[in-house]
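Chemist: here is a sequence with its predicted model. Questions after.
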Amino acid sequence: MGKVALTAAALYVIVLLRAGGTFAVGWLAGAGARRSRLAERVSSAKFARVERAIQRWGAPVVAVSFLTVGFQTVANLLAGSMRMPLTRYLPALFLGGAAWALIYATAGLGALEVLLGLFAAHPALGVAAVAGLVLAVGGGVAYRRRRRAAPPAPPDAGDEES
């Protein structure tokens, strides 16, 4: 079995367990999460946006969510809490999970091989590439956190009507 096929198979099992588990947690939590300490988090704009998308489009939203970052966990959790029927959820899970596993197996292994080749040929460049990647990801996370925590800007004085 090839490296990509073996990696894709392992990732597929992982995503089925992780996403299926998230769906199950949402199913078991149900409406209780909206009445608990999690109510503030579940009522956030991100959750509301995903919930509206699932209500409107259903299973295709779950399948496409696997092609995004930071959206798939919310989509699976809300699909469970909204009690999406398994006859609609499971095909979306299997298709979306397969796409996710193939993308991460091919692109992930390719990026890893390039990085390992860089380390073998030029260790200093390999270290610099990893450091740059860590800084870029850390900067993106810090930027998003600051932007989310910043208070909204006050309206301009010229915008008020007299």
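Modeler: On my side now, so go ahead.

Chemist: in what helix or strand does Leu93 lie?
Modeler: In this structure, Leu93 is located in helix 86-121 according to DSSP states H and E.

Chemist: how far does that helix sit from its chain's centre?
Modeler: Using CA atoms, centre = their mean, to the nearest Å, the mean C-alpha position of helix 86-121 is found 13 Å from that of the whole chain.

Chemist: any buried residues in it, and which?
Modeler: Residues of helix 86-121 classed as buried: 89-90, 92-93, 95-102, 104-105, 118 (neighbour count, 16 or more other CB atoms under 10 Å). The C-beta positions use only the backbone N, C-alpha and C, and glycine is treated the same way.

Chemist: cool, stretch 74-81 as well?
Modeler: Neighbour-count burial for stretch 74-81, counted by 16+ other CB under 10 Å, picks out 74-81.

Chemist: go on, stretch 6-26?
Modeler: Of the residues in stretch 6-26, those buried by neighbour count under the rule 16+ other CB under 10 Å are 7-8, 11-12, 15-16, 19-20, 22-23, 26.

Chemist: give the rounded mean pLDDT of the helix holding Leu93.
Modeler: Per-residue confidence for helix 86-121 averages out to 89 on the pLDDT scale.

Chemist: make 574 the first number, not 1, from now on.
Modeler: Yes, from this point I'll number from 574; that puts the last item at helix 659-694.

Chemist: and it, what does it pack onto?
Modeler: In terms of contact count using 3 or more CB pairs under 8 Å, 6 or more residues apart in numbering; DSSP states H and E, helix 659-694 is assigned the packing partners helix 576-602, helix 632-638, helix 645-654, helix 696-722.

Chemist: tell me what angle it forms with helix 645-654.
Modeler: Helix 659-694 and helix 645-654 are oriented at 160 degrees to each other (axes from the mean of the first three to the mean of the last three CA atoms, to 10 degrees).

Chemist: how far away is Ala583 from Gly681?
Modeler: As judged by CB to CB, to the nearest Å, Ala583 and Gly681 stand 11 Å apart.

Chemist: can you pull out the low-pLDDT segments for this protein?
Modeler: Judged against pLDDT under 70, the low-scoring parts of the chain cover residues 574, 604-617, 619, 725-735.

Chemist: quick check, central residue of it?
Modeler: Most central residue of the chain, judged by C-alpha distance to the mean C-alpha position with CA atoms, centre = their mean, is Gly643 at 2.6 Å.

Chemist: Three-state assignment for it, please.
Modeler: Secondary structure of Gly643, reduced to three states by DSSP: H, G, I helix; E, B strand; the rest coil: coil.

Chemist: quick check: phi and psi on it?
Modeler: Main-chain torsions, Gly643, degrees, to the nearest 10: phi 80, psi 0.
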